[in-house]
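Sharing a sequence plus its predicted fold:
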Amino acid sequence: MQTYQTRERESGDSAAAGYEAWYTNSKGACFDLRERTLFSQAVRRAQHPAPPRLLDLGAGTGRITEAVAPSADLVAAVDFSLQSLRVLSKKNLRSAIVVQADAVALPFPNHTFDAMVSWQVLQHLVLPDLLALLRECRRVLKPGGRFFFSVYNVSYWRCHGICEDVDWNGLYYRRLDPNYLRRLAAASGFSGARVSYYKALPSSPPALGALPGSAALATADRIICGVPILRRFGSAYLFAEFR
């Protein structure tokens, strides 16, 4: 494990107990709902002809594991943060098992999973490790399997076109665009990529304050992120499907 990844694991361990409350409060309930819905709908699309065997890569405390587990026959929740996995284990998700492992050397045989999900993980890997991880993903997926994941959007207006950076806590991250994701898909053995956008609205948009709750705001966000001229610069995140 690289030094920067060790720092990421230490951060995950220290934040595990209160992470989900912090995430929902800082990002907003609208964003939380929108993100969970994106992954759960994607997994439901992948379950024909039967409920899939899933890998949740970088599962952390299980926000997305919770969202996809009801549609899956099995979810292997993988993370290198032991404390995060302990939080996940306490949720007692019927179809989930937890696995502590390094994502660039997955402890599974070839063609084990029907689909994979990964929520804001790939953006924290330098390019050689990112390519190694994606090749591992392709290896453990069955032929025709799908990989659904989210990353930062480099074109988001607040990012000022900065592709790579290190935050105040010493954690590395990168931002990507759809064309770069398609090149990554080809370089790691996937046959294609489909990319969409989400989170154009702030956590508590004043102009939409009268709308009835998170579901309405999540719908508004989906509509805004469907408009080409708005989504490229107005959306903070990309949602991708590699196949």
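Done, it's in.

Just read off the phi/psi values of the closest residue to Gly161 other than its chain neighbours.
Excluding the flanking residues, the one nearest Gly161 by Cβ to Cβ, 6 or more residues apart in numbering is Val154, at 6.6 Å. All C-beta spots, glycine's among them, are computed from the backbone N, C-alpha and C. The phi/psi pair for Val154 (degrees, to the nearest 10) reads phi -70, psi -20.

how many neighbours does Val154 have?
The number of residues packed near Val154 is 19, by other Cβ atoms under 10 Å.

how much space between it and Leu141?
26 Å (Cβ to Cβ, to the nearest Å).

quick one: the helices in the chain?
3-15, 19-27, 29-45, 63-68, 82-89, 127-140, 178-187, 214-224, 228-234 (DSSP state H).

Surely Ala50 touches Ala72?
No - using Cβ atoms under 8 Å, Ala50 is not in contact with Ala72, being 10.2 Å away.

Counting neighbours, go ahead and name the busier of these two.
Counted by other Cβ under 10 Å, Ala50 and Ala72 do not tie: Ala72 has more neighbours, with 26 against 8.

Now do the contacts for the more buried one.
Contacts for Ala72 (Cβ atoms under 8 Å, 6 or more residues apart in numbering) come out as 43, 47, 51-54, 95.

redo that, cut-off 7 Å
43, 51-52, 54, 95 (Cβ atoms under 7 Å, 6 or more residues apart in numbering).

and the nearest residue to it once chain neighbours are set aside, what is it in contact with?
Nearest residue to Ala72, sequence neighbours excluded (Cβ to Cβ, 6+ apart): Leu54, at 4.6 Å. For Leu54, the contact set (Cβ under 7 Å, 6+ apart) comprises 43, 68, 72, 74-75, 113, 115-117.

hmm, who's touching the longest strand seen in the chain?
Counting residues, the longest strand found in the chain (DSSP state E) is strand 141-152. Contacts of strand 141-152 from elsewhere in the structure, counted by Cβ under 7 Å, 6+ apart, are 39, 42, 46, 111, 113-120, 122-123, 137, 173, 175-176, 237-243.

one more time with 6 Å
42, 46, 111, 113-120, 122-123, 137, 175-176, 237-243 (Cβ atoms under 6 Å, 6 or more residues apart in numbering).

Stretch 8-25 now?
Against stretch 8-25 from outside (Cβ under 6 Å, 6+ apart): 32, 61, 63, 80-81, 83-84, 87, 124, 171.

Measure how buried the nearest residue to Arg135 once chain neighbours are set aside is and give me the count.
Nearest non-adjacent residue to Arg135, counting by Cβ to Cβ, 6+ apart: Ser188, 4.9 Å away. The number of residues packed near Ser188 is 19, by other Cβ under 10 Å.

what does the one 10 residues further on give?
Number of residues near Tyr198 (other Cβ under 10 Å) recorded here: 23.

check contacts around it.
With Cβ under 6 Å, 6+ apart, Tyr198 has these contacts: 34, 225, 237, 239.

how about 10 Å then?
Going by Cβ atoms under 10 Å, 6 or more residues apart in numbering, Tyr198 touches 31, 34-35, 37-38, 150, 153, 218, 221-222, 224-225, 231, 235-239.

Tell me which residue is most central in this protein.
Centroid-nearest residue in the chain: Trp119, 1.4 Å away (criterion: Cα atoms, centre = their mean).

I figured Val78 was touching Thr112, is that so?
No - here Val78 lies out of contact with Thr112, judged by Cβ atoms under 10 Å, at a distance of 11.7 Å.
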